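>>> coords please:
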Amino acid sequence: MIIKLLMLGVGLTAISGLPGMLLPRRSGAGQCLAVLLAVLGALLGGAGIIAHAAGVKTEILNIEWTLPWGHFSVGLDALGAIFLMPIFLMSALGSIYGLGYWPQARNPRTAPRLQLCWGLMAAAMAMVVLARDGVLLLMAWEIMAVAAFLLVGTDDHRLAVRNAAWVYLVASHFSILCLFGCFGLLNLATQSFDLWRTLPESVSPGLAAAIFALGALGFGLKAGVMPLHFWLPGAHASAPSHVSAFLSGVLLKVGIYGLLRVVMLLQNPPAVWGIMVLILGTISALLGVAFALGQHDLKRLLAYHSVENIGIILMGLGVAMIGLSTHHAAWVILGMGGCLLHVWNHGLFKSLLFFAAGSVVHATDTREIDALGGLGRRMPWTALFFAIGAVAICGLPPLNGFVSELLIYLGLFNSVASKWGCVALAAPVLAMVGALAVACFVKAHGIVFLGTARTPAAAKAHESPLTMRMPMAVLAGGCVLIGLFSILVAPALNAAISSWAGADYAAHIPLESLYPGWAITILGLSLIAATVVIGLLYRFVFRQQQPRETGTWDCGYVAIGPRVQYTASSFAQMLVGIFRWVLRPHTQQTPITQLFPDGSAFHSSVPEVVLDGMLTKTWAWIKGLLVPARGVQHGRVQQYVLYILLALVVLLLLQVPVMELFREMLGH
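Alright, predicted model coming up:
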């Protein structure tokens with residue numbers, strides 16, 4: 001029954017974009033039907049997940065097909081349910097958000113395609129999680145990649161958008177090539193593509209290491225792990241904002257899910273693999289937030305914070321893998337609990353932040369932070385929701401980001417008294433990441449929503465419609481709910497931990513016994529109550545006093561204007577300078593040679609080091625080497641037929657024992 005509910009939900013989600021393609025393009029009826037189908041599919045899928053969590057027996061659906069490999073096999077376990085819930089939730093909320101952000105009546109050319117690809121991508125992501133067979137997973141993975149490519153390139157009349165979409169497609173296909181190798185070796189080891197079967201103990205360590213390496217490369221590329229993140233900033237910045245929210249908040253976690261499945265295939269992974277994952281996570285978290293600090297594009301800034309939070313998730317996974325290898329149950333429970341809870345938390349607050357950024361873009365038609373300012377008075381709801389998302393992503397109480405990061409901290413500190421105490425060295429790095437995230441979002445929220453408008457577009461900004469604010473309110477409520485009552489989600493996390501670890505770890509030591517869940521609830525409620533009291537005092541006591549007016553110290557300026565305010569560059573200049581060795585910032589400045597200069601200009605930027613500094617240059621060098629090969633392309637069909645004939649002759653000759661034939665000729 002549960003699998004039927006889930007498959008029905010996946011099917012409705014997959015076809016949700018068809019009404020927009022079949023009905024008149026300038027009519028909003030198609031989009032409304034698409035939203036209805038997406039919401040209905042999400043409700044059915046959510047009902048199946050809730051029934052599974054309630055203990056209803058979940059069957060496995062096996063259907064043979066005519067393909068030479070694999071079979072159609074789908075199922076759901078506690079680990080898959082953790083990843084499936086955000087997919088259905090964001091599928092519904094993003095569709096509703098699109099009614100106001102990307103209405104079909106104003107975008108008749110692109111909106112139908114967006115809705116079609118939205119449903120296909122969401123359904124394919126769900127099938128990746130439900131698939132028990134590697135071949136089925138690869139098919140769903142390819143559909144997900146192509147649909148996401150078309151979504152990133154929705155606004156395809158812009159060159160930057162097209163370039164970002166093509167980079168994403170190349171990265172996606174390299175990812176699936178790695179997964180072909182991973183599942184091919186899995187079939188070699190087990191004579192099956194079953195993803196829920198552990199490798200036999202007779203498998204050589206080298207083969208197991210190759211499966212893990214290819215899986216980590218393929219799934220890590222999709223997750224955006226540093227330095228495999230090069231596709232992520234451009235794709236997430238260029239896509240429509242609700243697509244960016246889906247990509248960042250949910251699709252990246254499909255890569256994490258795949259990596260967890262690969263680790264499940266290995267009964268006792270070596271501790272060194274966990275250390276490698278922990279190191280990669282630490283690097284991704286630190287450098288992700290460092291690159292975010294130097295960004296002037298609001299959505300690009302949020303994209304780099306996705307790299308940071310994927311790093312935090314991997315830090316939890318690394319702790320759990322080390323605990324699994326060294327048989328430390330508390331490390332497994334705390335590390336995996338923090339990892340899985342941060343999967344949920346990041347899906348909530350990062351989607352909320354991208355929705356809020358989309359609201360800003362919808363009102364001002366710009367993503368440039370320095371072209372905004374003063375939006376808090378004109379867009380109070382958007383400013384509030386962005387602030388909630390910012391507090392959550394910085395890991396501050398009383399919101400959800402604090403709880404998942406606390407679990408990872410506890411897992412790291414738990415290793416201090418053991419011979420693996422070096423693992424705890426990642427804790428101060430995680431603390432530094434949190435501090436830098438606070439600085440980055442003080443910059444983003446302060447410059448975008450506070451101060452005065454820097455441009456006419458910002459001065460004319462307006463609040464977003466209800467269809468955009470309602471999904472933000474739901475996500476903000478989720479951030480508050482998990483932050484205050486994280487103890488309520490502990491049973492789902494316990495079941496997922498036991499499913500992943502292959503033993504009843506969480507049954508013997510429940511997650512709720514390893515961290516102060518109810519104390520966090522009391523602390524959070526106290527903080528909220530104190531905030532409300534201070535707000536009421538300000539509103540009804542201090543605000544009633546007669547204000548005094550006096551002149552402002554103007555630092556020598558004749559007239560105060562918007563340009564006197566801090567810019568994104570000036571706010572983060574010191575911190576960007578600290579990480580200059582890796583960020584490689586570019587600055588352009590007009591030299592001042594006079595006492596009273598006519599005018600000057602200053603511009604700074606932080607390029608994408610991996611894509612612009614390494615891959616693009618390497619590709620240009622390869623293209624230069626291949627220039628002589630263009631001589632074979634004459635456009636003449638006769639020559640192309642000759643090429644095919646020569647290729648066939650070579651292939652035939654390779655099948656003939658040439659040396660034996662030559663000896664026989666000499667013998668005669």
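>>> residue boundaries of the strands in the stretch 501-650 of the chain?
With DSSP state E, counting those that start in this stretch, the ranges of strands along the stretch 501-650 of the chain come out as 586-589, 602-605.
>>> Make TSV from the ones you listed and add mean pLDDT to it.
TSV is the format used below for these (pLDDT from 0 to 100):
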stretch	mean pLDDT
strand 586-589	74
strand 602-605	71
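>>> who wins for proximity to Asn400 among those strands?
Closest to Asn400 of the strands of the stretch 501-650 of the chain is strand 602-605 (Cβ to Cβ; 32.9 Å). (C-beta placed from N, C-alpha, C; glycine too.)
>>> if we can go back for a sec, most tightly packed of the strands of the stretch 501-650 of the chain?
Of the strands of the stretch 501-650 of the chain, the one with the most neighbours on average (mean count of other Cβ atoms under 10 Å) is strand 602-605, at a mean of 14.
>>> helix, strand or coil for the spatially most central residue of the chain?
Per Cα atoms, centre = their mean, the C-alpha nearest to the average position across the chain is that of Ser248, at 3.0 Å. Secondary structure assignment for Ser248 (DSSP: H, G, I helix; E, B strand; the rest coil): helix.
>>> Cross-check the contact I'm expecting between it and Ala303.
Yes. Ser248 lies in contact with Ala303 (Cβ atoms under 8 Å); the separation is 6.6 Å.
>>> what residues are shared contacts of those two?
Here Ser248 and Ala303 have His236 as joint contacts, going by Cβ atoms under 8 Å, 6 or more residues apart in numbering.
>>> so what's the residue nearest to the centre of the chain closest to, chain neighbours aside?
The spatially closest residue to Ser248, leaving aside those adjacent along the chain, is Ser306, at 4.5 Å (Cβ to Cβ, 6 or more residues apart in numbering).
>>> sorry, back to before: and the residue nearest to the centre of the chain, what's its pLDDT?
At Ser248 the predicted local confidence, pLDDT, stands at 93.
>>> which residues touch it?
Counting by Cβ under 8 Å, 6+ apart, Ser248 touches His236, Leu302, Ala303, Ser306, Lys350, Ser351, Phe354.
>>> Could you work out the most separated pair of those?
Spatially, the most separated pair among the contacts of Ser248 is Ala303 and Ser351, at 13.0 Å (Cβ to Cβ).
>>> Outside of stretch 526-544 itself, list whatever touches it.
Applying Cβ under 8 Å, 6+ apart, the set of residues contacting stretch 526-544 from outside is Pro397, Pro398, Leu484.
>>> Minimum distance to Tyr409: which of the strands of the stretch 501-650 of the chain has it?
Distances from Tyr409 to each of those were compared using Cβ to Cβ; the minimum, 34.1 Å, belongs to strand 602-605.
>>> Could you list the low-pLDDT ranges of the chain?
Within the chain, the segments meeting pLDDT under 70 span 503-507, 542-547, 550-560, 597-600, 602-603, 634, 656-668.
>>> longest single helix anywhere in it?
helix 329-364 (DSSP state H).
>>> what about that one, distance to the chain center?
A distance of 9 Å separates the C-alpha centroid of helix 329-364 from that of its chain, computed with Cα atoms, centre = their mean, to the nearest Å.
>>> go on, stretch 161-171?
With Cα atoms, centre = their mean as the basis, the distance from the averaged C-alpha position of stretch 161-171 to the chain average is 16 Å.
>>> what comes up buried for it?
Buried residues in stretch 161-171, counting neighbours by 16 or more other Cβ atoms under 10 Å, are found at Val161, Ala164, Ala165, Val167, Tyr168, Leu169, Ala171.
>>> Put the alpha carbons of that stretch into PDB.
The C-alpha coordinates for stretch 161-171 follow below in PDB (Å, rounded to 0.1, in the frame of the first residue of the first chain):
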ATOM      1  CA  VAL A 161      22.600  31.600 -18.200                       C
ATOM      2  CA  ARG A 162      23.400  29.400 -21.200                       C
ATOM      3  CA  ASN A 163      27.000  29.000 -20.200                       C
ATOM      4  CA  ALA A 164      26.000  28.100 -16.600                       C
ATOM      5  CA  ALA A 165      23.500  25.500 -17.900                       C
ATOM      6  CA  TRP A 166      26.100  23.900 -20.200                       C
ATOM      7  CA  VAL A 167      28.700  23.700 -17.400                       C
ATOM      8  CA  TYR A 168      26.100  22.000 -15.200                       C
ATOM      9  CA  LEU A 169      25.300  19.500 -18.000                       C
ATOM     10  CA  VAL A 170      29.000  18.600 -18.500                       C
ATOM     11  CA  ALA A 171      29.400  18.100 -14.700                       C
END
